[in-house]
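K.L.:
predicted model and sequence below, questions to follow.
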Protein chains: 2
Amino acid sequence: MKYSTYFGQTKKDQKQYESKNQTLLQKAGYVDQLSAGVYTYLPLGLRVLNRIKVVIQQEMDRVGGQEVLMPTLIQKELWEKTNRWDLEVPFKTALNDGKEFALGWSHEEVITPLAKQFVSSYRDLPFAPYQIQTKFRNEPRAKSGIMRGREFIMKDMYSFHIDQTDLDAFYDRVRDAYFRVFSRVGLKDVTYLTFASGGVFSKFSHEFQVISPVGEDTIYVSEEKKIGINKEVYDDEVLNELGVRKDQLIEKRAIEVGNIFKLHTRFSQAFDFQYADEKGDKHYPVMGCYGIGLSRVMGTVVEVLADEKGLVWPKEIAPYDVHLVNLRADVRAAEVYEKLQRAGVEVLWDDRDLRAGEKFSDADLIGIPLRLVVSEKTGDKIEVKSRTSDAVEMLSFDELLLLVHKE
Amino acid sequence: MKYSTYFGQTKKDQKQYESKNQTLLQKAGYVDQLSAGVYTYLPLGLRVLNRIKVVIQQEMDRVGGQEVLMPTLIQKELWEKTNRWDLEVPFKTALNDGKEFALGWSHEEVITPLAKQFVSSYRDLPFAPYQIQTKFRNEPRAKSGIMRGREFIMKDMYSFHIDQTDLDAFYDRVRDAYFRVFSRVGLKDVTYLTFASGGVFSKFSHEFQVISPVGEDTIYVSEEKKIGINKEVYDDEVLNELGVRKDQLIEKRAIEVGNIFKLHTRFSQAFDFQYADEKGDKHYPVMGCYGIGLSRVMGTVVEVLADEKGLVWPKEIAPYDVHLVNLRADVRAAEVYEKLQRAGVEVLWDDRDLRAGEKFSDADLIGIPLRLVVSEKTGDKIEVKSRTSDAVEMLSFDELLLLVHKE
């Protein structure tokens, strides 16, 4: 794409927000805040979100997840069955005739009765539908940019099993899939599997916490075991159980980017969802649920990786592969642009009639992994610079292609 | 994918709904109704929706559209600027502190102030952002299946221009793009460009109406000119202007699958959005808006193409390329399944241990374009049958690949 006609460009006079991700993403033309916690994704931002989506879809599909799309309008009667209508979290709305709905902030109330339709015997289990969809939460405070939205994009998967053993095995596979996701989006070294409250039915749930000073959670980290313990369950009994001592733990602020949770039969019971075993005896399926906030992951990557010059995207989720900059009066750029596109490289070409310095500083702000410069001086070669290094290389077109396609 | 573990299978005892698309899509395991006009898309249904999405994205990108994603929660103050807060159509909700929102049922109130941020001079125009997103409309009646949802998926594009001439030229290009969309999704011969009311600012808007007895609109069709006239503007003056006579027109019921509309400066004025021309004089940009309901298109394809045996999907939007059926005790199917997948063919394999007749009738119900049978009798060959023909052919694997990849 040519940047001169791009919808949503960099801003010179961006207001500073409380949150770094919001300031940078707005300044660089990725998102726009409509009201606190409510954002529009501009073309650059939507491209990042879609690349995060693909990573998550691939990893969920690998563990046998099946993608569906559930609705936002969920009628009151369903929430009453689980005693979740009167919580603070839902936004509520109604038909003109008075019928009431909560906007989906979690989807157990939809997926459980849906799953029930397709199960009679143990042979119909297990399965794990997931969706990537907009969630709504009536948050009192929404000042963390796209990390805490009143409206945000989330992947939620729900699994259904004949018993605890089957759930446990699947749960461990999803835990591993989550690490693959966080590794691929560039958060590998800073993400800790964190023991958190399991609620009424489990000792623990597990959070995926990214160490960051802007995190809203406090966790205690064991570097040796590469685990964290959420403050909410931090006591001697838990330390004992996990085999860690207080003097091995460091208190850290962290951002929760994902969580996995064993729900046992809380929801299958609420919806009277039973299956028959080999003898014909009835049982409630055991459930798990597994969430990742896509927009939160995107905001977290900004918080963790951005530097003083602007955004820094890992290759796997960058909006484009390369950022092509031509210097004034150059005529070769159009040819390089076409050639790159024909070779299947995603190019953002800054074709604006601006000084080199302005284009370079916008390229740093936008944060695409490789910056390419062509000018009268570069001759047959292309000047290539990584976003995270100051060194420039002069490469032939074929050498550039090898670099772009390198893992 | 193997059908034995598929989430959302065919139903034997499907209730008959008022709408054919709802009955068939539920019976075949594509969608599930949560409440009137509110649906979950199961894996098969989501695949069709995603393929329609790709067609629309490609055609919008071809005319220079740029994809964004706007939010659902739109604050009251924005609707007050355009006098659209007090309509019947919006669902409304509020923060716990009382701040009010309408759920987005159209997005002029978001895109116009957003576009304003990026425009100062005539050089910044034109552009045309679009999104594919969930819309909410407080419909009193929602009995047409996925054709009329209270919550539904829509593509809405908005264009911004320096003047009427530039809008008119773009509008005509979008009109042509819409015909390409409806042609690709299988509605070519039944879609009529239909003259409808243009509201206060234009003589006409244009609807894309699909002839169908279940349509909610009445239009008058000229087969010769391949146009329609919506009943709402059907009078002597209009007939005169369009150069058609009453005796050339046939009254038909039709489904509106898309519409395009010139908005002039209604919204740019409401948000005091101006640009400076070459002399520095200020003007309001002229706008157009362009909608297609994705879920409505999907429902319309069902209404128009389904037969007494079940769904019939055009190749371009089918959930899978081929539906593989093995007969009992066959061992070759797994090999054919793997080989097809390696060749890049999307396969749904009915690997259930059921009688052939049951599998064939499910294949007809599900409606994938090609049914493949392997059994002891088929030897090295594969039996191939089109969903819309009774003739079967015996093809080699390579002949089958040619057929699948044929336009």
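P.N.:
Noted; the coordinates are in hand.

K.L.:
spell out which residues of the stretch 51-200 of chain A are next to chain B.
P.N.:
The stretch 51-200 of chain A has residues A:64, A:66-75, A:88, A:91-97, A:99, A:101, A:103, A:110, A:114, A:117-118, A:127, A:129, A:134, A:136, A:138, A:140, A:150-151 near chain B, with proximity defined as CB under 8 Å from any CB of the partner chain. For every residue, glycine as well, the C-beta is placed using N, CA and C.

K.L.:
show me what contacts the residue lying closest to A:Gln269 once chain neighbours are set aside?
P.N.:
Leaving out its chain neighbours, the residue that sits closest to A:Gln269 by CB to CB, 6 or more residues apart in numbering or on different chains is A:Tyr284, at 5.4 Å. By CB atoms under 8 Å, 6 or more residues apart in numbering or on different chains, the contact set of A:Tyr284 is A:265, A:268-269, A:273-274.

K.L.:
now do the helix or strand hosting A:Gln22: which elements does it pack against?
P.N.:
Applying DSSP states H and E as the criterion places A:Gln22 in helix A:20-27. Helices and strands touching helix A:20-27, by 3 or more CB pairs under 8 Å, 6 or more residues apart in numbering or on different chains; DSSP states H and E, are strand A:31-35, helix A:294-305.

K.L.:
so how far is it off the chain centroid?
P.N.:
Relative to the chain's own centre, helix A:20-27 is displaced by 17 Å; criterion: CA atoms, centre = their mean, to the nearest Å.

K.L.:
for the contacts of A:Tyr284, pick the one with the most neighbours.
P.N.:
When the contacts of A:Tyr284 are compared by neighbour count (other CB atoms under 10 Å in any protein chain shown), A:Ser268 ends up highest, at 23 neighbours.

K.L.:
residue contacts, that residue?
P.N.:
A:112, A:116, A:160, A:274, A:284-287.

K.L.:
from those, which two are the most distant?
P.N.:
Distance extremes for the contacts of A:Ser268: the farthest pair is A:Lys116 and A:Val286 at 14.1 Å, using CB to CB.

K.L.:
excluding its backbone neighbours, what's nearest A:Tyr337?
P.N.:
With CB to CB, 6+ apart as the criterion, A:Tyr337 has its nearest non-adjacent residue at 4.8 Å, and that residue is A:Trp349.

K.L.:
assess the claim that A:Glu393 and A:Thr378 are in contact.
P.N.:
No. The pair A:Glu393 / A:Thr378 is not scored as a contact, 11.2 Å apart, by CB atoms under 8 Å.

K.L.:
skipping adjacent residues, who's closest to A:Arg245 in space?
P.N.:
A:Leu239 (6.8 Å).

K.L.:
please, which helix or strand holds the one you found?
P.N.:
Here A:Leu239 sits within helix A:236-242, counting by DSSP H and E.

K.L.:
gap between that helix and the chain center?
P.N.:
31 Å.

K.L.:
elements contacting that helix?
P.N.:
For helix A:236-242, the packing partners by 3+ CB pairs under 8 Å, 6+ apart are strand A:227-230.

K.L.:
if we go to 10 Å?
P.N.:
strand A:191-197, strand A:204-211, strand A:217-222, strand A:227-230 (3 or more CB pairs under 10 Å, 6 or more residues apart in numbering or on different chains; DSSP states H and E).

K.L.:
and A:Leu305, which of those is closest to it?
P.N.:
Nearest of those (CB to CB): strand A:204-211, 10.8 Å.

K.L.:
so that closest one versus strand A:217-222, what angle?
P.N.:
Taking axes from the mean of the first three to the mean of the last three CA atoms, to 10 degrees, one finds strand A:204-211 and strand A:217-222 inclined to each other by 90 degrees.

K.L.:
A:Glu393 and A:Thr378: who's more crowded?
P.N.:
Taking neighbours as other CB under 10 Å, A:Glu393 and A:Thr378 compare with A:Thr378 leading, 18 against 14.

K.L.:
roughly how far does that one sit from chain B?
P.N.:
Distance, A:Thr378 to chain B, using CB to the nearest CB, to the nearest Å: 28 Å.

K.L.:
need the contact list for A:Gln75.
P.N.:
A:Gln75 sits next to A:95, A:99-102, A:109-110, B:34-36, B:38 when contact means CB atoms under 10 Å, 6 or more residues apart in numbering or on different chains.

K.L.:
could you flag which of these are buried?
P.N.:
Using 16 or more other CB atoms under 10 Å in any protein chain shown as the burial test, those include A:95, A:101-102, A:109-110, B:34-36, B:38 as buried.

K.L.:
shaky segments in chain A?
P.N.:
Scanning chain A for pLDDT under 70 picks out the ranges A:329, A:407.

K.L.:
the residue most distant from the middle of it, which is it?
P.N.:
Largest separation from the mean C-alpha position in chain A: A:Lys279, at 43.3 Å (CA atoms, centre = their mean).

K.L.:
how close does it sit to B:Gly367?
P.N.:
Distance of A:Lys279 to B:Gly367, computed by CB to CB, to the nearest Å: 38 Å.

K.L.:
what sits against A:Arg352?
P.N.:
A:Arg352 sits next to A:2-6, A:9, A:325-326, A:358-359, A:362 when contact means CB under 10 Å, 6+ apart.

K.L.:
nearest residue to the most centrally placed residue in chain A in space, please, no chain neighbours.
P.N.:
Taking CA atoms, centre = their mean, the centroid of chain A lies closest to A:Leu294, which sits 2.5 Å from it. Spatial nearest neighbour of A:Leu294, excluding adjacent residues (CB to CB, 6+ apart): A:Ile153 at 4.4 Å.

K.L.:
isn't that neighbour right up against A:Gly293?
P.N.:
Yes. A:Ile153 lies in contact with A:Gly293 (CB atoms under 10 Å); the separation is 7.3 Å.

K.L.:
got the buried residues for the host helix or strand of A:Gly45?
P.N.:
Element membership of A:Gly45, judged by DSSP H and E, is helix A:43-62. Within helix A:43-62, the residues that count as buried by 16+ other CB under 10 Å are A:43-49, A:51-53, A:55-56, A:59-60.

K.L.:
measure A:Ser389 to chain B for me?
P.N.:
As judged by CB to the nearest CB, A:Ser389 and chain B stand 31 Å apart.

K.L.:
wait, is that residue part of a strand?
P.N.:
No. The assignment for A:Ser389, made by DSSP: H, G, I helix; E, B strand; the rest coil, is coil rather than a strand.

K.L.:
neighbours around it, how many?
P.N.:
8.

K.L.:
for it, grab phi and psi.
P.N.:
phi -140, psi 160 (degrees, to the nearest 10).

K.L.:
which ones among the contacts of A:Ser268 lie within helices?
P.N.:
When those are checked against helices (DSSP state H), the matches are A:112, A:116.

K.L.:
same list, the contacts of A:Ser268, but as CSV with distance to A:Tyr320 please.
P.N.:
Compiled in CSV, these are given as follows (distance: CB to CB, whole Å):
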residue, distance to A:Tyr320
A:Thr112, 41
A:Lys116, 45
A:Phe160, 40
A:Gln274, 51
A:Tyr284, 49
A:Pro285, 44
A:Val286, 44
A:Met287, 40
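
K.L.:
ok, so of the contacts of A:Ser268, who is nearest chain B?
P.N.:
Among those, A:Phe160 lies closest to chain B (CB to the nearest CB), at 9.6 Å.

K.L.:
residues contacting that closest one?
P.N.:
By CB under 10 Å, 6+ apart, the residues touching A:Phe160 are A:111-112, A:115-116, A:118-119, A:124-129, A:166-167, A:170, A:263, A:267-268, A:273, A:275, A:285-288, B:7.
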